[in-house]
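Undergrad: requesting a structural model of the entry that follows:
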Amino acid sequence: MDLIARVSQHFEDSARTKLDSVELLAAPLAAATEVLTQALLNDGKILACGNGGSAADAQHFAAELVGRFEVERQELAAIALTTDSSILTAVGNDYGYTHVFARQVRALGRAGDVLLAISTSGNSANVIEAIKAAREQDMRVIALTGRDGGEIGRLLGDEDIHLCVPAQRTARIQEVHLLMIHCLCDGIDSLLMGVDE
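TA: Model prediction:
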């Protein structure tokens, strides 16, 4: 096995997937940035959820907003629904794992807030339930998926934004998800502060 060639192939595949995604995702990413920024300007907040690597992405996104991305600015209201182990285990134990995000969305979400729902397959049952709960709260949804968008792609409404990575491999989808999260953070900063660099 040639590990150098294998590593090189990962770099090439990742770069190709990102470049193949630009035309499809640039416009909806810009629209998602505007939705998120408007929610924040209107005193709303962003709730983010996902499982596994997508949970890490939800936390990464919230950390960039509450802390900072690349420039100093005020704190922005974002909560990762993946971080409270007591809530996750209590709800998972009492109601089932499918409800761990939906109950938090109903508890914390309000009209004008946005749910950032992340699922590489588009079929994560607990993320689907969170989207349904967001609808009940009159929240907009921005969904990051991959492959064909799965059940989430079919569930989204006209007011929602679907950012579906045109790839099959989970690793490649997650790599583009991280890039999209950075694009969203940069775009929010740009719209809020006029950052052009």
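Undergrad: other SSEs contacting the lengthiest helix in the chain?
TA: Looking across the chain with DSSP state H, the single longest helix is helix 3-41. The contact analysis (3 or more CB pairs under 8 Å, 6 or more residues apart in numbering; DSSP states H and E) places helix 3-41 against strand 46-49, strand 114-118, strand 140-146, strand 161-165, helix 170-193. Backbone N, C-alpha and C define where each C-beta goes, glycine included.
Undergrad: now the angle between helix 3-41 and the longest one, please.
TA: Right, the one you point to is helix 170-193. 40 degrees (axes from the mean of the first three to the mean of the last three CA atoms, to 10 degrees).
Undergrad: name the helices or strands packed onto helix 170-193?
TA: Helix 170-193 is packed against helix 3-41, helix 53-66, strand 140-146, strand 161-165, with contacts defined by 3+ CB pairs under 8 Å, 6+ apart.
Undergrad: nearest to residue 126, of those?
TA: helix 53-66 (10.4 Å; CB to CB).
Undergrad: flag every buried residue along the closest one.
TA: By 16 or more other CB atoms under 10 Å, the buried positions in helix 53-66 come out as 53, 54, 55, 56, 57, 58, 59, 60, 61, 62, 64, 65.
Undergrad: then that helix to PDB, C-alphas only?
TA: What follows is helix 53-66 as a C-alpha-only set of coordinates in PDB (Å, rounded to 0.1, in the frame of the first residue of the first chain):
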ATOM      1  CA  GLY A  53     -19.300  14.900  12.900                       C
ATOM      2  CA  SER A  54     -22.300  17.000  12.200                       C
ATOM      3  CA  ALA A  55     -22.700  17.600  16.000                       C
ATOM      4  CA  ALA A  56     -19.100  18.900  16.000                       C
ATOM      5  CA  ASP A  57     -20.000  21.100  13.000                       C
ATOM      6  CA  ALA A  58     -23.000  22.500  14.900                       C
ATOM      7  CA  GLN A  59     -20.800  23.300  17.900                       C
ATOM      8  CA  HIS A  60     -18.100  24.800  15.700                       C
ATOM      9  CA  PHE A  61     -20.700  27.100  14.100                       C
ATOM     10  CA  ALA A  62     -22.100  28.200  17.400                       C
ATOM     11  CA  ALA A  63     -18.600  28.800  18.800                       C
ATOM     12  CA  GLU A  64     -17.600  31.000  15.900                       C
ATOM     13  CA  LEU A  65     -20.700  33.200  16.400                       C
ATOM     14  CA  VAL A  66     -20.600  33.400  20.200                       C
END
